[in-house]
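Student: After the sequence you'll find the predicted model.
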Amino acid sequence: MLQLARSFGSRIAKKGFHFLPDFKLKCGLEIHTQLSTQNKLFSLSTNDPFASASLPNHHTSFFDVSLPGTQPTLNPEVVLLATKLAVALNSRINMNSRFDRKHYFYADQPMGYQITQHYSPFAKGGFLELSGSLDTIDEDFKRIELVQLQIEQDTGKSVYRGSEGRSLIDLNRSNVPLIEMVTQPNFTDLKQVRAFIKKYQNLVRHLGISTGDLETGAMRVDVNVSVNEHPRVELKNLPNTSSILSAVKYEYQRQVELIQSGETDRYSGFSETRGWTGSSTVKLRSKETTIDYRYMPDPELPSVKLSPSAVQSVAQSMPELPDAVLRGLMSEPYNLTLKDAKILAIKGNGHDQLYTQTDLLKFYLDTFNCYSELSGQRLNPKLPTNWIIHELLGNLNRLQLTLAKAAEAFPPQKFAELLMLIQDDKISKASGKLLLFHILDETNTSSLAQPVDLGALIESFDLNTIEKIDMNELKEICIGIIDEISDPKLIEGIVSGKKKNSLKFLVGQGMRMSQGRIKPYLFEQAFKDLLEVKW
Amino acid sequence: MSKVLTRSTPVWWLPRKFYSQKTRVIVGPRLKSLAEIKDYVGKPTWSVEEYLQTSSTSKAQPPSRKDVEKLLKLSGLPNENVEVFQATLGKQLAFINKVQSLPVDESLDPSHARIIDRNPEALDYESLSHSVGQQEAQKDKEIGEVGGSWDSTGLAAISENGFYVLREGLLKNRK
Amino acid sequence: MSFKAAISRLDRVSKIQKQYNAFTYLNPNCKELLVKDGLCNTKKPLTNLLYGIKDNIATRNIPTSCGSKLLQSYKSPFDATVVKLLENAGAVSVGKTNLDEFGMGSGGLFSHFGPTKNPLFPSQDTVVGGSSSGSAAAVAADVLDFSIGTDTGGSVRLPAAYTSLIGFKPSYGRISRFGVIAYAQSMDTVGIFSKSMSVVKSVFGILDKYDKKDPTSLSEGLRGKLKQLSTPKSSYKIGIPQELLQDNIPSELQSGFLLALEKLEASGHEIYCVSIPQMINSLPIYYTLAPAEAASNLARYDGLRYGYRDDTADSKDDTLFAPTRSAFGNEVKSRIVLGNYNLCSESFDNHYIKAQRLRVDLINEFDNAFTHPNILTGSPGNQNGVDFLISLSTINLPPALSNYGPDCTSDPTNPYINDIFTTPMSLAGLPAINVPVVKSKPIGVQLVGQYGDDSRLLDLAAELL
């Protein structure tokens, strides 16, 4: 089998990838999402599956390590988060879902079974809609239907020590709550798969129910692939989006070649589970060796009986969903581009993030509102966009300052005032940038009056646009700039009119020196006078 | 003997769907004297031995070696004494298979087999949120819920730096 | 019970242990605790009472073995709720009592610590009954005032009958199972052995509490409802289910049964014929469901995190954990295999789900037989029904040890027949009690009440003593 896999690998590498019209791809996803609850699914141990590096088996209650005589108690926070997800995915919530046991022996499975929801899952049906305008797919709309959502326990982790022939087992992750979501095999190309993963990932982040990170395993995606209605192959162990896409490509090609060569019958390769090596898929197990999981209703956990009002309340407590947020930002009065709207509404991975998207979006909207009140008819929607998305975020990153801290010293109202100063040419753009950086820097390092007094700062830094200019002073500055020029040809070019653009260079120098406080047309005039330019 | 009368008056807290009304149960008549009691007690209507015999003749075939080997594997037991298990399981099955031959009302909800409230109160948002709020205070050291409150690998025969140990490789094909 | 009497009981423990093998572990601090409590001025409800606890119930200070090699030196880091409650009430634990491995067996023979013997028969080694064998033997031998057992299909009532004790299995869910090591937890119930009804009542009073750690514990709300429903009467209607009458019952048992019925009638109760047809199928239902749950519950014993571990390997014949798990006894292994057969995808619907439906039908039939409402199912009760049911507890007298052995190896289903009178109540979670009819004779009748009707049941049982 491995031999075969290698030959496919080389062929694919040589030929490059494309879908063949006669071979229709059909894909479904099975996504496991770790819920970011405070505590575990059936015990009150802290849900911190990543404590393992320094503290293996630290967050493990007696139940989590399956000590005899312990019993499960359902964590209600899991029910709330699962309800949120089901509502967001338009799923029909089962008002009386039940838990079952799925049996298999493994070292990271302390009870010898996993508690899951096989016979009566938490929610059925539902969909996530992809759109051409928001999700970079070829179709205008593509609806991915869902089979079901079920609540289940995560397993522990095994670390294989090859040289010693043993595995070390850490159960910090054991009994962490997961939601398994299964889609219908609705995917027909890779863009849809990519878009779905991104969209689902953003959704769980947006709802605050998971970090959604593939890299850490907080979100794990299995894919089933079939070509022309042949039995499907399950792909597992896909650590990130690129391996998911590569594995689907590889598997598509492999199955197409099997069909083309008429070998589909000979290889029971269809209807099997395959893993991803980084360059090819390899057989993990075929159907004959599938484990009989012996699903059994759990004999002690009660069913999860939800009241309709509980579902309603959860739905009401939820933030606006990402698509609606995006569409809102892209229309009046904001008129953001998709790219900018996504910066405000779509979460990146959660590591060392300086702000949550929810906070950023709120800061943007609050600032926009303040600014629009101040500016009235003269509203320029690009101003808050540019200053928040580009200037503010850039500075936060440079300074490693959190938005929350920045907003304390420089709340939306102040930010809007700054925008007005710029809009009204009270200070130059350059001064505005300086001022913003200064305020954030001070906030970061220590004590700035909170919230900041813009007027006082502008005074003390002498940043006001210079309204009345002493012409002699201006002349001095210009002479200084001309003296600094080492290339006499540049000046000659300006005087002769052959290099008119070089005048702009001089003006630029002037702007820099005055930090934008003197308007460029004044400089232009002063240089022309000094050099006696005739043109 | 008279059939039990099904009650016509509904009772305060009971939604009707949760109990069955048709029944084969017979109560009565009253046994009025010791002689009647003696007579009744002395005349059993069935015999457990016969009951079990009728079931064992119906399915005499013991399970195959292959089946038992598969079951041993699922049970996490070594592939040993297969013949003994075949014989034992064969006899147990003769008895268990009785279940298969019995008529049953398919409309009965199998989850009602649990001895718990068939009609518990549904969870509402307030109580769910309230319980979530209580969790921090309810973490119980006495059942190990506080991180690091007990030596979790201390009970293991083999452990290594706080890890449990499996004396096996990782990607063994689990069948 | 006096301090003095308790001390003299303690002095006999080691002799009794040698003779009957009732304990798996004796609490070395027992005397010390007793003395300490004796000096204490505040008398607690169970002060000076000695008890033993079945070794499938977790105790923090002394080992918990389940009578199995797999847990032979396992020490739980926590106490079961029942252990805490008894300790708080002032009872002193003498030790852990012997049992059929993980509660699987009805003879008291299948323990890693060897069989327990019946103290009613000091001159001939006789079966004591199981699986709560040691709990019964130690009380029967008068070294304990009471003991705690567990009853899944009859494991308290049967040994109580064989040892002439009161053996009470309360309604499922009334006593916390937290810390009780599961055999088949849809039926596992903590039970009480004693010679004294007043001790049984006060111990039940201590243990009958809601426990949030046990997801199957009866809620406070429903406990309140039960209290409202329980109105004692002077005359009850008591039914004899025809399904619990059998041929070939030893005449001693039969006359014991009649004696009890005569007594009840004499005290003004009315005796009725009753038929609850689904009871006939209780054994196949029970032996479909219980081993399935057992196979699942016992999947955790792999040696990795606690308990016995094979010295050399973690897999054999390509089966993970087989070397360690081969240390289970034969009865346990055979029930695990049977349980997995019932859970296999091919047989699940035909066996497991069907047995569940039959169990529901049985519960519903009981509801139609009793006058008392069932607070769990919503049954309003049958006005023309009976208040209690009565039957013998066993179909036979305890056999000599020498007769029992071959039987159970030659036909694994035969000893299961012993449970015929007790499994229906386990399946329905009903309160049931064995009452000895003749002092020091292994002759017991079983009284059964509707779900939750425990306290009236105990009162009625007291009339038979």
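Tutor: Great, that's in hand.
Student: alpha carbons only for contacts and neighbour counts from here, please
Tutor: OK.
Student: Quick check, the residue in the stretch 201-350 of chain C closest to chain A?
Tutor: At 4.3 Å from chain A, residue C:300 is the closest residue in the stretch 201-350 of chain C, using Cα to the nearest Cα.
Student: mind checking how far that residue is from residue C:336?
Tutor: For residue C:300, the distance to residue C:336 (Cα to Cα, to the nearest Å) stands at 12 Å.
Student: Chain B contacts on the stretch 101-250 of chain C?
Tutor: The stretch 101-250 of chain C comes close to chain B at residues C:172-173, C:186, C:216, C:218, C:239, C:242-243, C:245-247, as judged by Cα under 8 Å from any Cα of the partner chain.
Student: Out of the residues you listed, grab the one that's most surrounded.
Tutor: Neighbour counts for these (other Cα atoms under 10 Å in any protein chain shown) peak at residue C:172, which has 30 neighbours.
Student: which non-adjacent residue is nearest that residue?
Tutor: Leaving aside its chain neighbours, residue C:172 sits nearest to residue C:429 (4.8 Å; criterion: Cα to Cα, 6 or more residues apart in numbering or on different chains).
Student: How about residue C:97?
Tutor: residue C:23 (4.1 Å).
Student: quick one, phi/psi of the residue of chain A found nearest chain C?
Tutor: Of all residues in chain A, residue A:69 sits closest to chain C, at 3.9 Å by Cα to the nearest Cα. Dihedral angles of residue A:69 (phi, psi; degrees, to the nearest 10) stand at phi 90, psi 0.
Student: Neighbours of it, how many?
Tutor: Residue A:69 has 21 neighbouring residues, counting by other Cα under 10 Å.
Student: can you check residue B:39 too?
Tutor: Neighbour tally, residue B:39, other Cα under 10 Å: 12.
Student: Send me the host helix or strand of it as PDB with only the CA atoms.
Tutor: Assigned by DSSP states H and E, residue B:39 falls within helix B:34-41. Extracted in PDB, the C-alpha atoms of helix B:34-41 (Å, rounded to 0.1, in the frame of the first residue of the first chain):
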ATOM      1  CA  LEU B  34     -55.400 -19.900  55.400                       C
ATOM      2  CA  ALA B  35     -56.700 -22.900  53.500                       C
ATOM      3  CA  GLU B  36     -57.200 -20.800  50.300                       C
ATOM      4  CA  ILE B  37     -53.800 -19.300  50.700                       C
ATOM      5  CA  LYS B  38     -52.300 -22.800  51.100                       C
ATOM      6  CA  ASP B  39     -54.100 -24.000  48.100                       C
ATOM      7  CA  TYR B  40     -53.000 -21.000  46.000                       C
ATOM      8  CA  VAL B  41     -49.300 -21.200  47.100                       C
END
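Student: Report all helices and strands that that helix contacts.
Tutor: The contact analysis (3 or more Cα pairs under 8 Å, 6 or more residues apart in numbering or on different chains; DSSP states H and E) places helix B:34-41 against helix C:251-266.
Student: Which strands and helices lie in contact with the helix it packs on?
Tutor: With contacts taken as 3+ Cα pairs under 8 Å, 6+ apart, helix C:251-266 sits against helix B:34-41, strand C:270-275, strand C:388-392, strand C:444-449.
Student: most packed of those?
Tutor: strand C:444-449 (a mean of 28; mean count of other Cα atoms under 10 Å in any protein chain shown).
Student: how about the following helix or strand past that strand against chain B, any contact?
Tutor: The helix or strand immediately downstream of strand C:444-449 is helix C:454-463, counting by DSSP H and E. No. When contact is scored as Cα under 8 Å from any Cα, no part of helix C:454-463 falls within range of chain B; the minimum is 15.3 Å.
Student: now the angle from helix C:454-463 to strand C:444-449?
Tutor: Angle of helix C:454-463 versus strand C:444-449, following axes from the mean of the first three to the mean of the last three Cα atoms, to 10 degrees, is 150 degrees.
Student: got a list of contacts for helix C:454-463?
Tutor: Helix C:454-463 has contacts (Cα atoms under 8 Å, 6 or more residues apart in numbering or on different chains) with C:170-171, C:197, C:201, C:230-232, C:264, C:388, C:431-433, C:435, C:447-449.
Student: what's the answer for stretch C:286-295, then?
Tutor: Stretch C:286-295 has contacts (Cα under 8 Å, 6+ apart) with A:299, B:75, B:96, C:153, C:182-185, C:335-340, C:342-343, C:351-352, C:355-356, C:423, C:427.
Student: Pretty sure residue C:195 sits against residue C:166.
Tutor: Yes. Counting by Cα atoms under 8 Å, residue C:166 is a contact partner of residue C:195 at 5.8 Å.
Student: Looking at the two now, which is surrounded by more residues?
Tutor: Each of residue C:195 and residue C:166 has its neighbours counted (other Cα under 10 Å); residue C:166 has more, 32 against 22.
Student: confidence score at that one?
Tutor: Looking at residue C:166, its pLDDT is 98.
Student: Ok, the one 5 residues further on next?
Tutor: Turning to residue C:171, the model gives it a pLDDT of 98.
Student: For it, which non-adjacent residue is closest in space?
Tutor: Leaving out its chain neighbours, the residue that sits closest to residue C:171 by Cα to Cα, 6+ apart is residue C:431, at 4.2 Å.
Student: what does the stretch 301-450 of chain A have sitting close to chain C?
Tutor: Counting by Cα under 8 Å from any Cα, the residues of the stretch 301-450 of chain A close to chain C are A:301-302.
Student: How many neighbouring residues does the residue in the stretch 301-450 of chain A that chain B sits nearest to have?
Tutor: Distances between the stretch 301-450 of chain A and chain B by Cα to the nearest Cα are smallest at residue A:310, namely 4.3 Å. Counted with other Cα under 10 Å, the neighbours of residue A:310 add up to 20.
Student: in chain B, what spans have low per-residue confidence?
Tutor: For chain B, applying pLDDT under 70 flags the ranges B:1-22, B:54-60, B:169-175.
Student: Quick check: residues of the stretch 301-450 of chain A near chain B?
Tutor: Residues of the stretch 301-450 of chain A lying near chain B by Cα under 8 Å from any Cα: A:304-307, A:309-311, A:313-314.
Student: Dump the residues you listed into CSV; add distance to residue A:259 as well.
Tutor: Below are those laid out as CSV (distance: Cα to Cα, whole Å):
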residue, distance to residue A:259
A:304, 46
A:305, 48
A:306, 48
A:307, 51
A:309, 53
A:310, 51
A:311, 48
A:313, 52
A:314, 49
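Student: In helices, which of the residues you listed appear?
Tutor: A:309-311, A:313-314 (DSSP state H).
Student: if we take the residues of the stretch 101-250 of chain C next to chain B, which one ends up nearest to residue A:39?
Tutor: Nearest to residue A:39 among those, counting by Cα to Cα, is residue C:216 at 21.7 Å.
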